[in-house]
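Participant: what follows is a predicted structure for the sequence shown.
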Amino acid sequence: MEHPALPINVTVNGKARAAEVEPRLLLVHFLRENLGLTGTHVGCDTSQCGACTVHVDGLAVKSCTMLAVQADGADVTTIEGMAEGTALHPVQEAFQEQHGLQCGYCTPGMVMTAAHLLETNPEPDDDAIKHALEGNLCRCTGYINIVKAIRWAADQMRGQHASS
Amino acid sequence: MSTEQSNPDSLIGASVRRVEDPPLLTGKGCYVDDVKLPGILHVAIHRSTHPHARILSVDTAEAAAMPGVECVLTGDDIGDLVLRTPMVAPGMNMPDHPILARGAVHAVGAPIAAVVAESAAAAQDAAASIQVTYDSLPVVTDAEAALEDGSPLAHEELDTNFCYSMKREGGDVDKAFAEADHICRLHMKSPRVVAMSMEARGVLAQPDPARNELTVWLSTQGPHRARADLANSLGFPENRIRVIAPDVGGGFGSKGCVYREDVLVCHLAQKLGRPVKWMATRNEDFLTTCQGRDQAMTSELALSKDGKMLGLKVRVVANLGAYLHSATAGPPQRMLVMAPGCYQLQDVRVEIVGAFTNTVPTGPYRGAGRPESVLNIERLADKAARDLGMDPLELRRKNYIQPDQFPYRTGVGVEYDSGDYEKSLSEALRLSDYDQMIRDRDEARQRGELVGVGISTFTEPSGGAGFESGAVRVERTGQITVLTGSSSHGQGHETVWAQVAADKLKVPMENVVVRHGDTTAVQQGTGTFGSRSAVMGGGALATAADRVIAKAKAIAGNLMEASPDDVVQTEGGFAVAGVPERNVNWRQVAGAAYAKGTPAGMDPGLNETAFFDPNREAWGFGAHVALVRIDPDTGELTIEKLVLVDDIGVVLNPMIVEAQVHGGLAQGLGEALCEHMVFDENGQPRTGTLMDYAVPRASTMPPVVVGETETPNPFNPLGVKGVGEAGTNGAPPAVANAVMDALSPLGIDHVDMPYTAPKLWRAIREAGKG
């Protein structure tokens, strides 16, 4: 089906991007195919698994459930934009420290969801963490170390905040 | 690098953080779909919507004319290309397995036509426009029904749904049953479940016509076996194919074989002379990737009145689905060696039968026949105790193989290497505060609540299926490269193999790099499945490391003008025994090895490869305990406590081992609580996406306590046993026994997994209570 391309302007990981895209192009495909940001993964096609989670204007969003044209004018952060240089985001560091990943496929989505959780709730208990992960599936870890990692990251981030 | 370890001198046993993680955490992983090549073409496949039908016509004209479409192929266009799979049982029936359907389809999702286009979206649009007319045929989905006289045939060209059968018998089973006081009978079905790796299957093939070569990026658990299987199906030389398993997003057994799409994509790439890629949608993955379990088990356990197990008969009917993949017939065969479990049973008869149905093919999935076998004997043990009015612990203890009986040959002719079942059981009882749990259960039961306690004690084989390879190469500068045939897909081999090599060679872990997943880089290999890597890949690596050390000692002796017998290893190198100031480091030894510094008569170089096969499996064991509560009004099941104690011999990296137990447990709980691939009576899949198929979420996981005991394996260099499937094998029977314990006051004898709320609610209602 040929449809006329539409122009969009999106800021992705701090960088302004202009493109002409098919109206039906999903945000995840725009990120992966047009921008080459392949850290955002596709796991289910039906909005259950959360492997494609990115931040859009500060909210954790499943990029397989949003059209690229809907992101026109938005500020998008992907997993590639989480570390500052070689310094990992505390959530990324936590996943390594607490062994919160195995095959790594769900990990970008998990990290993005967890980072958003900790921005809105810096001191979540395990139930709050599990609730926040309701839209993210992992098949390797049994979630146990993911929950541990998010708790660890929360502690680190509060510690950093307190000491700054 | 942070470590926690009991012996600070040893890297083996240290919880070293994974070296794999940084790229995966920062979006720099590289899975098949992340590989970008110029000129790439995309494949989409038109699939059967019928479970069984003759194909009357396939109209591809509209598709072929659509923008961006390079070509459209049907079965007739690709001729005799079929998926070639081995005959694993003498005389087994093997239906045709064409790469694209020819004449008929035998399951929903069978591929009928392939579209190649400039973009994935263009290919999908065109594939959707293909029109197929069908003539529907009768359908069978249940394996036991498929073997009944007059059943519809899954394949018209076969005059039966029977695929193969195998039998194993030891002792005098008829005599044991004739002398029994009681015979405990049970019929069970394990639910069909889906591997559901987060990365669906995918393949990318790049031809090199000028050199007559083919490079294939494949989401696989075993690149070397995949290369041979592709070569056989394509009729293209194995040594001209390079298979690369890049980062692989989980497999759990389902990515151990080659699939039709893999052969198709290679064929298309060669035909078109351009790179060609296919990525499964999640729905395609549900319809085409080998699924797990779906076995019906009919068992009889003969007992004396005081609870001594005298004999066992088991008959398994396995649903193989519509087509045979290379390992489809494998999982049921586990019952042949595992039926007796932890118990002294010498009079045993096991028969397995595989049947074709019009469903998705089955195959290995985490446990691969082990979960069914453990479920069978552990449900039998519990039911037998209930039949006889005995404590289920007492009945188990009365029949355990005792520590001084190992190595122990069971009634099915298998030798268990080592074990101490009482040790893991008592540790699980201690960690679960079992006696208190039983008192609490009894009090709750007095109040009319449905609360139950269940245990399973099990032994499980790991590390079989042929050889594994490992190589240790000391480079000219003294850096260490390890090549392993154990291609990892999330298990952390890059970390653990570096630990093993660094520990053996006494060098910092940072000096070791582990390479895997590329048939050009690595010598032959088998792959990662069946909890085999620590035993097989670890054994191969340890053997290669020992050989390198022996050669390095000879070279070091030459350099230090000492006898190799007087050379000892030191941190980072070698010294003359008792004369520490006479020493050389790995760099000096390597330099000599590549520059005429080897002793007379010794080949240059410092590079050893080992192919390892202990010719026996390693039998780990464990004890799992579950406490459950069922809401009598809704049927909702809550696991209130779960304790897992596993004995896997020597632990190489406790952090990774515990996480393997977690992951196995989650998949086991999925099977016990919620996962079920359902086909309706017409053969239509009702659970073909994650909208309908329930996998565990974070909130599904109950409170878990993981404990361990350590009984080293005497039959491999590292003393290890596999762990990847422990949680999947042991936990579901513990939960099943707990559920049956909770329902026992209602007179309910058995309910098959998964224990969904509607199923338990119905069972409670039908029991006329609650």
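Facilitator: On my side now, so go ahead. Numbering: from 1, shown residues only, chains lettered A, B, ... in the order given.
Participant: nearest residue to the residue in chain A positioned nearest to chain B other than its sequence neighbours?
Facilitator: Here chain A gets closest to chain B at one residue, A:G39, 1.9 Å apart by C-beta to the nearest C-beta. C-betas here are computed from N, CA, C, even on glycine. Nearest non-adjacent residue to A:G39, counting by C-beta to C-beta, 6 or more residues apart in numbering or on different chains: B:G27, 1.9 Å away.
Participant: how far away is the one you found from A:V54?
Facilitator: 10 Å (C-beta to C-beta, to the nearest Å).
Participant: so the residue of chain A closest to chain B makes contact with A:G109?
Facilitator: No. At 9.8 Å, A:G39 does not count as touching A:G109 under the criterion of C-beta atoms under 8 Å.
Participant: neighbour count for those two, which is higher?
Facilitator: Taking neighbours as other C-beta atoms under 10 Å in any protein chain shown, A:G39 and A:G109 compare with A:G109 leading, 29 against 26.
Participant: for B:Y164, helix, strand, or coil?
Facilitator: strand (DSSP: H, G, I helix; E, B strand; the rest coil).
Participant: list the contacts for it?
Facilitator: Applying C-beta atoms under 8 Å, 6 or more residues apart in numbering or on different chains to B:Y164 gives the contacts B:88-89, B:91-93, B:329, B:353-354.
Participant: list just the nearest of the residues you listed to chain A.
Facilitator: For those, the nearest to chain A is B:A329 (25.1 Å; C-beta to the nearest C-beta).
Participant: distance of the closest residue to B:A618 other than its chain neighbours from chain A?
Facilitator: For B:A618, ignoring the flanking residues on the chain, the nearest one in space by C-beta to C-beta, 6+ apart is B:K721 at 4.1 Å. With the distance defined as C-beta to the nearest C-beta, to the nearest Å, B:K721 ends up 20 Å from chain A.
Participant: do the same with B:V512
Facilitator: 19 Å.
Participant: and B:P564, by the same measure?
Facilitator: In this view, B:P564 and chain A are 41 Å apart by C-beta to the nearest C-beta.
Participant: which two among the contacts of B:Y164 are spaced furthest apart?
Facilitator: B:V88 and B:V353 (14.0 Å; C-beta to C-beta).
Participant: these two: who's more crowded?
Facilitator: Remark: of B:V88 and B:V353, B:V353 carries more neighbours, 21 against 17, as counted by other C-beta under 10 Å.
Participant: tell me which element the more buried one falls in.
Facilitator: Assessed by DSSP states H and E, B:V353 sits inside strand B:348-356.
Participant: got a list of what A:L67 touches?
Facilitator: With C-beta under 8 Å, 6+ apart, A:L67 has these contacts: A:23-27.
Participant: so what's it bridging to?
Facilitator: A:L26 (DSSP bridges).
Participant: pLDDT score assigned to it?
Facilitator: Note on A:L67: pLDDT of 98.
Participant: what's the answer for B:L147, then?
Facilitator: At B:L147, pLDDT is 98.
Participant: and B:F715, by the same measure?
Facilitator: 87.
Participant: how much space separates it from B:G622?
Facilitator: From B:F715 to B:G622 the distance is 19 Å (C-beta to C-beta).
Participant: same check, this time on A:A16
Facilitator: Counting by C-beta to C-beta - A:A16 and B:G622 are separated by 56 Å.
Participant: for burial, what's the neighbour tally of the residue nearest to A:G39?
Facilitator: Residues lying near B:G27 (other C-beta under 10 Å) number 24.
Participant: now do it against A:N136, distance only.
Facilitator: Distance from B:G27 to A:N136, by C-beta to C-beta: 16 Å.
Participant: residue of the stretch 451-600 of chain B closest to chain A, please.
Facilitator: Taking C-beta to the nearest C-beta as the measure, the stretch 451-600 of chain B has B:G490 as its residue closest to chain A, at 3.1 Å.
Participant: confirm for me that that residue is in contact with B:G250.
Facilitator: Yes. The criterion here is C-beta under 8 Å, and B:G490 meets it with B:G250 at 5.9 Å.
Participant: name the surrounding residues that touch whichever helix in chain A runs longest.
Facilitator: Identified as the longest helix of chain A according to DSSP state H is helix A:144-163. When contacts are defined by C-beta under 8 Å, 6+ apart, helix A:144-163 is touched by residues A:90-91, A:93-95, A:97-101, A:110, A:114, A:117-118, A:122-124, A:126, A:129-130, A:133, A:138, B:659, B:662, B:698, B:701, B:704.
Participant: now, the residues you listed that are in strands?
Facilitator: B:V704 (DSSP state E).
Participant: can I get the buried part of the contacts of helix A:144-163 as one ChimeraX selection?
Facilitator: A single ChimeraX command selects the buried members of those (16 or more other C-beta atoms under 10 Å in any protein chain shown):
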select /A:90,91,93,94,95,97,98,99,100,101,110,114,117,118,124,129,130,133,138 /B:659,662,698,701,704
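Participant: show me the contacts of helix A:144-163 that map onto helices.
Facilitator: A:90-91, A:93-95, A:97, A:110, A:114, A:117-118, A:126, A:129-130, B:659, B:662.
Participant: residues contacting residue 60?
Facilitator: Reading this off chain A. Neighbours of A:A60 in contact, by C-beta under 8 Å, 6+ apart: A:53-54, A:112-113, A:115-117.
Participant: oops, I was thinking of chain B
Facilitator: B:T60 is in contact with B:72, B:74, B:113, B:130, counting by C-beta under 8 Å, 6+ apart.
Participant: how about the nearest residue to it once chain neighbours are set aside, what does it touch?
Facilitator: Leaving aside its sequence neighbours, B:T60 sits nearest to B:V72 (C-beta to C-beta, 6+ apart; 4.3 Å). Contacts for B:V72 (C-beta under 8 Å, 6+ apart) come out as B:60, B:63-64, B:113-116, B:126, B:130.
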